[in-house]
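In: the amino acid sequence is not available; the structure is as follows:
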């Protein structure tokens, strides 16, 4: 029974030079970046919810005619899906920003350029100037919208991360304000298993490349925003 439960647990396996193989009945939906009149990213809006499937394959090369699902185009366009991402744990890569009651870890190598963090004077300034509960609440809200997990807030009193509660699910990101298609947003500590057999650090939220151009595969590096 235990082995059966483990086999049914959500996971993503990366096929060599091929798609993301998702199993465990992981819910899939479109996630749309909402922008204000100034073009700033301000919120997430859920779009289409796909029928729940026990297993499915998501396009990784960017060429599928059936996005977000794989249609085998990677076999025709000679997609090079070589994984080049560092395996150094997040906290060993992070820089720190100190506030009064909170601190923020920042690992730029995870950034997928959704731009929630640069509104106004930027999240770094907000954390440093944090002096009251209202400012802390605003900082928590902004960091929670960082889908790549580049930014994490920590409570100075408890030493615990102030992470959003995310059920295991996957979002395919759309950014109409930028006129681009974004990454695969993996939520709720779903293991991502390399084509070489090892498991990347399991985190609450990460973004995987789905345009095929990232220099940090399998993770998104914002290359989808290049014209």
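Out: Good, I have the coordinates. Not measured: the values here are computed from a predicted model. Numbers count the residues shown, from 1 in each chain.

In: and the nearest residue to residue 175 once chain neighbours are set aside, what element?
Out: Distance criterion C-beta to C-beta, 6 or more residues apart in numbering; nearest residue to residue 175, sequence neighbours excluded, is residue 33 at 4.4 Å. Yep, even glycine has a C-beta here, placed from its N, CA and C like the rest. Secondary structure assigned from DSSP states H and E places residue 33 in strand 28-35.

In: tell me what that strand is packed against?
Out: If you count contacts as 3 or more C-beta pairs under 8 Å, 6 or more residues apart in numbering; DSSP states H and E, strand 28-35 packs onto strand 41-49, strand 169-175.

In: report how many residues lie close to the residue nearest to residue 175.
Out: Neighbour count of residue 33, defined by other C-beta atoms under 10 Å: 22.

In: please name the bridge partners of it.
Out: Applying DSSP bridges to residue 33 gives these bridge partners: residue 44.

In: now do it, the pLDDT please.
Out: Here, the pLDDT recorded for residue 33 equals 93.

In: and what of residue 60?
Out: As predicted, residue 60 sits at a pLDDT of 97.

In: got a list of what it touches?
Out: By C-beta atoms under 8 Å, 6 or more residues apart in numbering, residue 60 lies in contact with 14-15, 18-20, 70, 74, 79, 81, 208-210, 212, 218.

In: residue 11 too?
Out: Neighbour list for residue 11: 22, 23, 24, 190, 191, 192, 193 [criterion: C-beta under 8 Å, 6+ apart].

In: need the pLDDT of it.
Out: Predicted confidence (pLDDT) for residue 11: 98.

In: quick check: closest non-adjacent residue to it.
Out: Nearest to residue 11 is residue 191, by C-beta to C-beta, 6+ apart, at 4.8 Å.

In: same thing with residue 73?
Out: residue 63 (4.0 Å).

In: for the one you found, phi and psi?
Out: Dihedral pair for residue 63: phi -110, psi 0, per degrees, to the nearest 10.

In: and it, how close does it get to residue 25?
Out: Applying C-beta to C-beta, to the nearest Å, the value for residue 63 to residue 25 is 27 Å.

In: the more surrounded of those two?
Out: Under the criterion of other C-beta under 10 Å, the comparison of residue 63 against residue 25 puts residue 63 first, with 17 against 14.

In: look at residue 164 and say how many residues are nearby.
Out: So residue 164, with other C-beta under 10 Å, has 14 neighbours.

In: over to residue 146?
Out: Neighbours of residue 146 using other C-beta under 10 Å come to 23.

In: hang on, it in a helix?
Out: No: using DSSP: H, G, I helix; E, B strand; the rest coil, the assignment for residue 146 is coil, not a helix.

In: buried stuff in stretch 111-127?
Out: Under the neighbour-count criterion of 16 or more other C-beta atoms under 10 Å, stretch 111-127 has 111, 112, 113, 114, 115, 116, 117, 119, 123, 124, 126, 127 buried.

In: what do you get for stretch 65-79?
Out: Quick answer for stretch 65-79 (16+ other C-beta under 10 Å): 68, 69, 70, 73, 74, 79.

In: where does the prediction get shaky in this structure?
Out: Within the chain, the ranges that satisfy pLDDT under 70 run 1-7, 176-180, 227.
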